[in-house]
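Q: Fold the following, please.
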Amino acid sequence: MTVEESEGRPGRPGRWRTGERSRRRILDAARACFAERGYARATIRQIAAEAQVDPAMVYYFFEAKSQLFAAALAMPVNPAERVASELAGGMDGLGERIVRHFLAAWDHAPVEPLLTLLRSAPTDERSATMFTEYVEREIVARIAAAVPEPARLRAELVGSQLMGLALARYVVRIEPLASTPADALADWMGPTLQRYLTGPAPA
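A: Residues are numbered from 1 along each chain as shown. Okay, the predicted model is just below:
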């Protein structure tokens, strides 16, 4: 009998809800696959095989690969979903909203696995590749699809600001940046991100 047979099949969600062991195996397998293959090349099928479950069970717990990646790194929110939600709210004030919600997520939840990844990225090629591929595919690409040309550059400038903020505030903990209230940082940084998003391109 396979793991998914012993813990529930598609169409029997009552039994699947008790499959916390399967969920933990999926997360462990996802961390290993993302670390070994990077975000772009790791597939749900490979992760399911590593966890010894059916791919359908992976999708039962995690609707998309981006959601699985966020859960594997214990992110308090799925950044891809948050960016999509903010973009749907319109471009006015988008820069400030992005900073505000970014800080709210990081300030109020444990993010040690993600911090470990950020700490290792500058010196570990696999960590850097995994993180960069995720940001490029799930965040930068979404922003680039919604802003004027040069869209890719605009989106990457926003991404670079947020990654720099994360390193300075949570990893290096530079003062007074590390202890400045989130609302104040959003007021400072929001206009800069907004200029990247919608401001006129330099001549």
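Q: so where's this protein uncertain?
A: 1-18, 76-77, 109-114 (pLDDT under 70).
Q: The same query, at a cut-off of 80, please.
A: Residue ranges of the chain with pLDDT under 80: 1-19, 35, 38, 73-80, 105-106, 108-131, 134, 138.
Q: Show me where it has its helices.
A: Using DSSP state H, the helices assigned to the chain run over residues 3-7, 13-16, 20-41, 44-51, 55-61, 65-72, 79-88, 94-107, 112-120, 125-134, 141-144, 151-166, 182-198.
Q: Domain-wise, how is this structure divided?
A: 3-68, 79-198 (automatic domain parsing).
Q: Using CSV, lay out the ones you listed together with mean neighbour count.
A: (C-beta placed from N, C-alpha, C; glycine too.) Output for the domains of the chain, formatted as CSV (neighbours: other C-beta atoms under 10 Å):
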stretch, mean neighbour count
domain 3-68, 17
domain 79-198, 17
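Q: coming back round to it: can the helices of the chain go into JSON lines with extra columns for distance to residue 172?
A: JSON lines is the format used below for the helices of the chain (distance: least, C-beta to C-beta, whole Å):
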{"stretch": "helix 3-7", "distance to residue 172": "42"}
{"stretch": "helix 13-16", "distance to residue 172": "42"}
{"stretch": "helix 20-41", "distance to residue 172": "23"}
{"stretch": "helix 44-51", "distance to residue 172": "32"}
{"stretch": "helix 55-61", "distance to residue 172": "34"}
{"stretch": "helix 65-72", "distance to residue 172": "23"}
{"stretch": "helix 79-88", "distance to residue 172": "21"}
{"stretch": "helix 94-107", "distance to residue 172": "14"}
{"stretch": "helix 112-120", "distance to residue 172": "9"}
{"stretch": "helix 125-134", "distance to residue 172": "17"}
{"stretch": "helix 141-144", "distance to residue 172": "25"}
{"stretch": "helix 151-166", "distance to residue 172": "10"}
{"stretch": "helix 182-198", "distance to residue 172": "15"}
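Q: Lovely, talk soon.
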